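**Student:** Sequence first, predicted coordinates after that:
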Amino acid sequence: MFNKGSKLYGIITGVCPKCHEESMYTNKNPYAVMQLFSMHERCSNCNTKYKIEPSFFYGSMYVSYGVGIAFAAVAFVLSFLVFESSLNISIVAIIASQLVLYPIIVRLSRNIWINLFISFDKSLAKK
């Protein structure tokens, strides 16, 4: 399920969706905030162009909304139901989680978006 060649592998690792050989990002660390959106133009292994069309990744903003809601729901459940915090503390936990996890949410959303449009081709993967 999480092996090379699966959509989940491509989404979680942020590698080229076509060959799963190279990171799409110039800096793999999402917390290097100045390089958060910095991506390679093409994959050096299979030459896949990451920005399929101008403003391609604007669509990932819609995915980002859903991913952010999922993280907020987890923060709420953990703080309110598991740790039995007050509602005000739970709201603070939601806001804090969104701020701390923002770089992860952005990268994850971009990875999901591009993997919706480009599928893995095992003939391009290195053996």
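**Tutor:** Arrived safely. Because the structure is predicted, anything quoted here is derived from the model rather than measured.
**Student:** Give me the below-cutoff pLDDT ranges for the protein.
**Tutor:** Within the chain, the segments meeting pLDDT under 70 span 127.
**Student:** Do a quick rundown of the strands in it.
**Tutor:** Ranges of strands in the chain, per DSSP state E: none exist.
**Student:** So which residue is dead centre in it?
**Tutor:** Residue closest to the average C-alpha location in the chain (C-alpha atoms, centre = their mean): residue 108, at 0.9 Å.
**Student:** Please name the residues that touch it.
**Tutor:** Contacts for residue 108 (C-beta atoms under 8 Å, 6 or more residues apart in numbering) come out as 11, 67. Backbone N, C-alpha and C define where each C-beta goes, glycine included.
**Student:** Try it again at 10 Å.
**Tutor:** 11, 12, 14, 30, 60, 63, 64, 67, 68, 70, 71, 101 (C-beta atoms under 10 Å, 6 or more residues apart in numbering).
**Student:** Quick one: distance of the helix ranked longest in the chain to the chain centre.
**Tutor:** Longest helix of the chain, by residue count under DSSP state H: helix 87-117. Distance of helix 87-117 from the chain centroid (C-alpha atoms, centre = their mean, to the nearest Å) equals 9 Å.
**Student:** still on that earlier bit, for the contacts of residue 108, which one is nearest residue 86?
**Tutor:** residue 71 (20.4 Å; C-beta to C-beta).
**Student:** ok, the closest one touching residue 95?
**Tutor:** No. The criterion here is C-beta atoms under 10 Å, and residue 71 misses it with residue 95 at 11.4 Å.
**Student:** buried stuff in stretch 63-74?
**Tutor:** 63, 64, 67, 68, 71, 72 (16 or more other C-beta atoms under 10 Å).
**Student:** export stretch 40-47 as PDB, just CAs?
**Tutor:** The C-alpha trace of stretch 40-47 is given here as PDB (Å, rounded to 0.1, in the frame of the first residue of the first chain):
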ATOM      1  CA  HIS A  40      12.000  21.700  -9.800                       C
ATOM      2  CA  GLU A  41      10.800  22.500 -13.300                       C
ATOM      3  CA  ARG A  42      11.100  18.900 -14.400                       C
ATOM      4  CA  CYS A  43      12.000  15.500 -13.100                       C
ATOM      5  CA  SER A  44      15.700  14.700 -13.900                       C
ATOM      6  CA  ASN A  45      14.900  11.000 -14.300                       C
ATOM      7  CA  CYS A  46      11.800  11.000 -16.600                       C
ATOM      8  CA  ASN A  47      11.600  14.600 -17.700                       C
END
